[in-house]
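Undergrad: predicted model follows, preceded by the sequence.
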Amino acid sequence: MASTFQRRATVLSLAAQACSGMSNSTPSQKAFLSNILSSTIALLLLQRTRLSKAGSRQPFSTVGLTLLFFCRATDAIVQHFLFVPSARGADLFNISANRSKSVGPSTDLLLPAEGDGKTKKYNRRIAVWLDAVVFWACSARIMWCFFYQPHRLPPSYVKWISSLANLDKRLLDALRVMRSKEWVYGHSSSHSHLLMSYAKDRGYPSSWGNPHVLPACGTGADVVWKALGVPGRGGVGGLPCELLHSRVTTRWGLDNSCLANVGVRFSLAFIEAMALYLPVHFLPLLFTRPSSIFQRHRAIPALLAAIRSATFLSTFLSSYFFAACLTRTLVLAKLFPWIPHDVWDGPYGSILVGSLTCGWSILIENTRRRGEMALYVLPRAVKALLPAKWTAGNHVGARLAERIVFVLSLASLLTLAVHEPESLRGLSRWTLAFVMKGSNADFWKKRKEQIETCPQTPISPPSNSISTQSVDRL
């Protein structure tokens with residue numbers, strides 16, 4: 001009885017301390033605590049055991065949502081410290097600052113500090129480059145996983161990259177067995193049929209894909225290439241580049257040119273990217289301002305933005321293959337001919353160089369879109385970095401950590417959406433503004449004001465307008 005009484009007294013004292021602390025908290029901090037409660041309830045509802053297709057009951061996986069909320073919340077906090085004034089930052093995060101404000105007014109916080117304009121420009125540059133670096137790092141991890149660990153990426157994402165890269169599955173399987181040392185140049189392998197059948201289907205001799213015949217190093221490789229009939233590969237070993245190039249170059253007789261392969265891949269990717277980005281840039285105009293499609297000052301910038309985005313995506317793809325050819329054929333393999341080609345075609349050779357190169361194409365994209373692109377790939381890259389047992393949901397510690405991250409991230413986003421919407425950007429800002437405020441969100445208000453202030457176009461001019469104007473002129 002005494003121990004039970006002590007426990008109840010402890011709980012009551014903690015509750016009293018929490019209530020007294022709440023009375024001294026800022027409105028944003030009270031909202032954050034309330035959002036923690038609502039986020040916890042939302043997580044419990046999401047992770048309820050549900051009946052799967054196999055008939056067994058299993059909890060709904062929230063790893064994807066958790067990573068999405070975590071990345072968006074982290075970005076919002078970074079944007080807050082970079083762009084939100086210090087007075088408002090103290091108001092949001094610091095209780096002691098709020099208490100000092102209640103004692104007496106602080107005029108220092110109300111006066112703009114010297115050099116604020118320079119600081120904002122400097123922070124804006126930091127943010128722009130930070131977005132580029134985040135996208136580069138994430139895309140490098142994603143592309144490396146696409147070749148060697150596709151199970152770490154969403155299946156739809158793998159399918160989209162495969163269709164854009166236009167690579168045969170046998171070639172991808174060969175790269176993976178090269179990584180596991182089951183396919184070695186100069187030795188026979190149980191997986192020899194992969195590239196031998198692939199070479200035959202491409203119209204080349206099957207010996208071009210036989211690892212037992214292909215030279216492992218550049219030294220002495222010219223004799224082998226002459227016997228196999230492979231042109232333009234003197235001084236380097238490994239798989240002929242013709243098998244890695246696009247099928248379109250084979251039709252045009254340019255299959256032995258790495259530069260032609262890059263140009264063809266860029267052109268094909270640009271066409272596909274335009275089909276993707278034209279709706280992205282024009283659908284918002286159609287939904288918000290349908291008549292602006294026929295206005296040059298709005299249609300031309302949207303078209304140029306679509307071309308810019310398509311150039312970014314096509315450069316992303318073509319630069320990958322160009323970096324791979326520079327590594328395994330044109331430059332590095334020729335400079336170091338004694339290094340086995342298992343290194344150049346391995347996981348830390350041309351594949352790694354291409355993965356580290358393609359991401360810098362984000363510099364072509366508009367600075368405003370770089371942040372959204374970085375936030376799009378960041379959750380996928382973070383998931384690809386986590387151990388498989390953590391993302392499977394069977395690890396108790398990982399499940400607990402995921403729940404804590406989910407609740408804190410979602411609560412932070414909901415709090416910032418009301419008290420600091422300037423910290424959010426892109427889809428986070430629009431979606432949360434609509435969820436929290438509905439039609440009273442700022443962008444909806446601006447849209448209503450534009451519609452109300454826009455003069456109505458008459459369906460037909462008045463019948464006497466022409467005669468009245470002519471009489472006035474006379």
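TA: In hand now; what should we look at?
Undergrad: strands of the stretch 151-300 of the chain, residue ranges please.
TA: Read by DSSP state E, counting those that start in this stretch, the stretch 151-300 of the chain holds no strands at all.
Undergrad: quick one: the helices in it, in order.
TA: Using DSSP state H, counting those that start in this stretch, the helices of the stretch 151-300 of the chain run over 155-165, 169-179, 193-201, 221-228, 247-251, 258-288, 296-325.
Undergrad: so what's the residue count around residue 76?
TA: 24 (other CB atoms under 10 Å). Heads up, the C-betas are built off the backbone N, CA and C, glycines and all.
Undergrad: which of the three states applies to it?
TA: helix (DSSP: H, G, I helix; E, B strand; the rest coil).
Undergrad: give me the pLDDT for it.
TA: Residue 76 carries a pLDDT value of 93.
Undergrad: residue 446 now?
TA: 60.
Undergrad: any idea which of the helices of the stretch 151-300 of the chain has the lowest pLDDT on average?
TA: Looking at the helices of the stretch 151-300 of the chain, the weakest mean confidence is helix 247-251, a mean of 75.
Undergrad: one step back: go through the helices of the stretch 151-300 of the chain and name the closest to residue 128.
TA: helix 296-325 (14.9 Å; CB to CB).
Undergrad: and the closest one with helix 258-288, angle?
TA: Calculated by axes from the mean of the first three to the mean of the last three CA atoms, to 10 degrees, helix 296-325 forms an angle of 150 degrees with helix 258-288.
Undergrad: returning to what we had before: show me the one of the helices of the stretch 151-300 of the chain that comes nearest residue 71.
TA: helix 155-165 (15.5 Å).
Undergrad: where in the protein is pLDDT low?
TA: 1-24, 49-60, 84-116, 393, 438-474 (pLDDT under 70).
Undergrad: any idea how far residue 418 is from residue 431?
TA: Distance, residue 418 to residue 431, using CB to CB, to the nearest Å: 14 Å.
Undergrad: quick one on the thing from earlier: mind putting the helices of the stretch 151-300 of the chain in JSON lines, distance to residue 29 and mean neighbour count included?
TA: Formatted as JSON lines, those follow (distance: least, CB to CB, whole Å; neighbours: other CB atoms under 10 Å):
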{"stretch": "helix 155-165", "distance to residue 29": "38", "mean neighbour count": "14"}
{"stretch": "helix 169-179", "distance to residue 29": "50", "mean neighbour count": "18"}
{"stretch": "helix 193-201", "distance to residue 29": "60", "mean neighbour count": "18"}
{"stretch": "helix 221-228", "distance to residue 29": "69", "mean neighbour count": "15"}
{"stretch": "helix 247-251", "distance to residue 29": "60", "mean neighbour count": "15"}
{"stretch": "helix 258-288", "distance to residue 29": "36", "mean neighbour count": "16"}
{"stretch": "helix 296-325", "distance to residue 29": "40", "mean neighbour count": "18"}
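Undergrad: how about TSV for those, with distance to residue 427 added?
TA: Formatted as TSV, those follow (distance: least, CB to CB, whole Å):
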stretch	distance to residue 427
helix 155-165	17
helix 169-179	32
helix 193-201	41
helix 221-228	52
helix 247-251	36
helix 258-288	12
helix 296-325	16
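Undergrad: so which of those is nearest residue 423?
TA: helix 258-288 (22.9 Å).
Undergrad: okay, the angle between the closest one and helix 155-165?
TA: 130 degrees.
Undergrad: other SSEs contacting helix 258-288?
TA: helix 247-251, helix 296-325 (3 or more CB pairs under 8 Å, 6 or more residues apart in numbering; DSSP states H and E).
Undergrad: in terms of secondary structure, what does the host helix or strand of residue 44 contact?
TA: Taking DSSP states H and E as the definition, residue 44 sits inside helix 27-46. Counting contacts by 3+ CB pairs under 8 Å, 6+ apart, helix 27-46 packs against helix 86-93, helix 396-419.
Undergrad: which residues touch the residue nearest to the spatial centre of the chain?
TA: Centroid-nearest residue in the chain: residue 377, 1.9 Å away (criterion: CA atoms, centre = their mean). Residues near residue 377 by CB atoms under 8 Å, 6 or more residues apart in numbering: 135, 138-139, 142.
Undergrad: swap in residue 309?
TA: Per CB under 8 Å, 6+ apart, neighbours of residue 309: 273, 277, 280-281, 365-366, 369.
Undergrad: how far away is it from residue 282?
TA: For residue 309 relative to residue 282 (CB to CB), the value is 12 Å.
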